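Enquirer: Whatever this is, show me its structure:
(chains A and B)
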Amino acid sequence: MMALLQSVPKLPIDNWVNGAISWIIGHFGGAFDVLNSVIEGVVSLLSFVLTAPPALLMIVLLTVIAFFLAGWRMAIFTVVGLLLVVSLGLWSDTMLTLALILAATTVCLAIGIPVGIVAAKSRRLEEVSLPILDLMQTMPAFVYLVPFVFLLGLGAGPALLATVIFATPPAVRLTMLGIQQVPRETVEAAHAFGATPMQTLFKVELPLSLSSIRAGVNQVIMLSLSMVVIAGLVGFEGLGKPVVTGLQQLNVGLAFEGGIGIVVLAIILDRVTRGIGRGGKTSKA
Amino acid sequence: MSEAQERTTQRQDNEREPIIRVEDCSVVFGRRAQQALEMRRSGKSKAEVERETGSTIGVLDANFEVWPSEIFVVIGLSGSGKSTLLRAINRLIEPTEGKIYLDGEYISEIPSKQLRQVRRKKIGMVFQHFGLLPNRTVLDNISFGLEIQGISAEKRRKSAEDTLDMVGLQGQGNKLITELSGGMQQRVGLARALATEQEILLMDEPFSALDPLIRRDMQNLFLDIQGEVKRTVVFVTHDLDEALRLGHRVAIMKDGEIVQLGTPEHILREPANEYVERFVEDVDYAKVRMAESVMVEPKEVAYTGEGPTVVLRRMRQAGLSHIFVVDRERHLVGLAEAEEVARLVERNERELGAAVDEDAPRVGRRTPLREVLPLFVDDGDAPVAVVDEGERLAGVIVRGSLIAGLTTSTEPSEEGGEDFSGVGNREPSEVGSGDAVERGRQG
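Expert: Residues are numbered from 1 along each chain as shown, chains lettered A, B, ... in the order given. From the prediction side, this is the model:
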């Protein structure tokens, strides 16, 4: 039995991948440089906007947003949590991380929602996309992190791409689920009244799958946050940095401070994004 | 009437064209469609074909025509292909074979852009589970069809509000769909189909999801509206009572085939085959219908504490041989007979009490007529009281109204006949087969 197994030839997948990567670097290196600078530019612009106002003003602003979308308890948490972050000296790191998450989420949704819509309608695309989504979510980030560093260098570029790969699947899945859950008769009604496919999508399917898509947005943001430490590994400043440094120097306290920052940001983002679009309407019904 | 108008009317009468014509329409779900159809036509059963080819035959060789302003009912058990046939008419389900003409226009092969125009202008539809948009208000749902057509918000609102009145939802236009009951939601569904003013209305079991009492209200509402708007309606149902009540003509489907097509009377009197016969037999009106469907308002009642003279006088004026006695909250106490009351008057009694029979029969609103019937056999011509849950008098059943209720649906209407050309001229209220009691109560 063992002999039989040993006689199975080894597929040189490792060589193929290495070959493919160096081929890509050789031929498209320039394009990736451009991509890297675009990502760097966008993320630093965002973080510049977020850090431009004094920290206290930003805290007030975020608290107001939290109050309207998540209630007064969350508003209190926001004040306390963000003041804690300031006192730990992590304010600019937090805003930098927030910038990365905003950029990554935008890219994830821009890819995930349209793909989800098409996959909901095409059985074939659904069948193809499901294993790819599984792959994206289960392939360890370190595996694709290294080629990204080869291609894009260190910093925001590989951090954002790795985040996008890991965080896009729920946007696709929940959009697809939402659209497939729209009652068949309601879609039929739109067709029966002569709606075009676009009218059906925008007047019926998307509005009725909004709560599922909203859950997808929330998931994308949460998964993006979980990539913050990975981002720190590829040299992206931000809340991942103290965690990574803490690990390297066996400075548990430093890593813990970074962890606190991530948790505060995560809780605020989670509660606030759950409240988006959930105005008075649903609470009344 | 002007000359021109007269000519138009005449032309309509003489050269009336069917508004819907379906020729040899078949629908097959699955891959080996042709093979499945051939097997089915050569006499194999639907189940055999399914087992051998894996394809399901939804509709097989359907042929029929629907005339302007007719209510054409398609009836069958679930899985008989009735909803599929309905959807083949507006191509929500693409027929595998056959030709469909709407208003003389051949629509089976027109491109999707043109098909959308046909759907916008010619055919409206009402769905079993309403198919409404829960995120929108009532008015925005009603104007959905108009919105699709790109009509301005102002016009939309106006026409939606008019339709709202028509279905009896005045003042509820700004409610969310989720705030309405099932019956109310289907009113919105109906209004949505009326607002677009298409000539043809496809109705897919529109009242099947509603509870029986509301279903009856909705049937009445539908007939009232149809009397005004005179659409051509194809109505799918599995409820024979409903089919007979609403339909000018009824097509009975089994395993995808139309097994009989004719007026309700025709179908009841001359069932085409055993299947139809069994279908029709199942309708035992005494079992299906309930006390409240045949009860009438009591003309007069007597109150406990009233004197016999007053009561007797009231009975004479109303021409009653019996009167029900209730207390001030309208709780039923019993029944008094005129002779007994007169005897009390002779004896100069002050109290009605002695004449009241407290054991007189009473039934609940939803008691089946089957159980009401024997009461009349035992008690001669005394009326039976119908009481609600709180034992309050809701109505009375007299011999006449009971018999009317039992016979109406089996004797659709005198002028019904089998002459299809007369179909458009019949008043919808008569189609409901003149439930004398209902009409009396409404009028």
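Enquirer: ok, how many other residues are close to residue A:241?
Expert: Number of residues near residue A:241 (other C-beta atoms under 10 Å in any protein chain shown) recorded here: 22. The way it works is simple: take the backbone N, C-alpha and C, and place the C-beta from them, glycine included.
Enquirer: If we ignore the residues flanking it in sequence, what's nearest it?
Expert: Take residue A:241 and drop its neighbours on the chain: the residue closest to it by C-beta to C-beta, 6 or more residues apart in numbering or on different chains is residue A:232, 4.9 Å away.
Enquirer: Just confirm that neighbour is within a helix.
Expert: Yes - with DSSP: H, G, I helix; E, B strand; the rest coil as the criterion, residue A:232 is part of a helix.
Enquirer: and it, what does it touch?
Expert: By C-beta atoms under 8 Å, 6 or more residues apart in numbering or on different chains, the residues touching residue A:232 are A:238, A:239, A:240, A:241, A:242, A:243, A:244.
Enquirer: change it to 10 Å
Expert: The contact partners of residue A:232, taken as C-beta atoms under 10 Å, 6 or more residues apart in numbering or on different chains, are A:93, A:97, A:159, A:238-245, A:247, A:258.
Enquirer: Over to residue B:26?
Expert: Contacts of residue B:26 by C-beta under 10 Å, 6+ apart are B:33, B:36-37, B:40-41, B:57-62, B:81, B:85, B:88, B:95-98, B:256-257.
Enquirer: Domain map for chain B?
Expert: Recorded structural domains for chain B (assignment: automatic domain parsing) are B:66-97+B:111-284, B:291-404.
Enquirer: Out of those domains, which one sits most buried?
Expert: Mean neighbours per residue, mean count of other C-beta atoms under 10 Å in any protein chain shown, is largest over the domains of chain B for domain B:66-97+B:111-284, with a mean of 20.
Enquirer: Output the contacts of residue A:232 in JSON lines, with distance to residue B:108 and secondary structure appended to each entry.
Expert: As requested, these are exported to JSON lines (distance: C-beta to C-beta, whole Å; DSSP: H, G, I helix; E, B strand; the rest coil):
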{"residue": "A:93", "distance to residue B:108": "66", "secondary structure": "helix"}
{"residue": "A:97", "distance to residue B:108": "60", "secondary structure": "helix"}
{"residue": "A:159", "distance to residue B:108": "57", "secondary structure": "helix"}
{"residue": "A:238", "distance to residue B:108": "62", "secondary structure": "coil"}
{"residue": "A:239", "distance to residue B:108": "64", "secondary structure": "coil"}
{"residue": "A:240", "distance to residue B:108": "63", "secondary structure": "helix"}
{"residue": "A:241", "distance to residue B:108": "67", "secondary structure": "helix"}
{"residue": "A:242", "distance to residue B:108": "70", "secondary structure": "helix"}
{"residue": "A:243", "distance to residue B:108": "67", "secondary structure": "helix"}
{"residue": "A:244", "distance to residue B:108": "67", "secondary structure": "helix"}
{"residue": "A:245", "distance to residue B:108": "72", "secondary structure": "helix"}
{"residue": "A:247", "distance to residue B:108": "70", "secondary structure": "helix"}
{"residue": "A:258", "distance to residue B:108": "68", "secondary structure": "helix"}
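Enquirer: circling back to that earlier point, of all the domains of chain B, which one is nearest chain A?
Expert: Ranking the domains of chain B by distance to chain A, with C-beta to the nearest C-beta as the measure, places domain B:66-97+B:111-284 first at 3.5 Å.
Enquirer: How far does that closest one sit from its chain's centre?
Expert: Domain B:66-97+B:111-284 sits 11 Å away from the centroid of its parent chain (C-alpha atoms, centre = their mean, to the nearest Å).
Enquirer: Just the CA trace of the helix of greatest length in chain B, in PDB.
Expert: Using DSSP state H, we find that the single longest helix of chain B is helix B:212-229. C-alpha atoms of helix B:212-229 as PDB (Å, rounded to 0.1, in the frame of the first residue of the first chain):
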ATOM      1  CA  PRO B 212     -63.000  31.600   3.400                       C
ATOM      2  CA  LEU B 213     -65.100  34.600   4.600                       C
ATOM      3  CA  ILE B 214     -62.700  37.100   3.200                       C
ATOM      4  CA  ARG B 215     -62.500  35.100   0.000                       C
ATOM      5  CA  ARG B 216     -66.200  35.600  -0.400                       C
ATOM      6  CA  ASP B 217     -66.000  39.300   0.200                       C
ATOM      7  CA  MET B 218     -63.200  39.500  -2.300                       C
ATOM      8  CA  GLN B 219     -65.200  37.600  -4.900                       C
ATOM      9  CA  ASN B 220     -68.000  40.100  -4.500                       C
ATOM     10  CA  LEU B 221     -65.600  43.000  -4.700                       C
ATOM     11  CA  PHE B 222     -64.100  41.500  -7.800                       C
ATOM     12  CA  LEU B 223     -67.500  41.000  -9.400                       C
ATOM     13  CA  ASP B 224     -68.500  44.600  -8.600                       C
ATOM     14  CA  ILE B 225     -65.400  46.000 -10.100                       C
ATOM     15  CA  GLN B 226     -65.600  43.700 -13.100                       C
ATOM     16  CA  GLY B 227     -69.100  45.000 -13.600                       C
ATOM     17  CA  GLU B 228     -67.600  48.500 -14.000                       C
ATOM     18  CA  VAL B 229     -64.400  47.900 -15.800                       C
END
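Enquirer: quick one: the strands in the stretch 51-200 of chain B?
Expert: Using DSSP state E, counting those that start in this stretch, the strands of the stretch 51-200 of chain B run over B:56-66, B:71-76, B:97-102, B:105-106, B:123-126, B:200-204.
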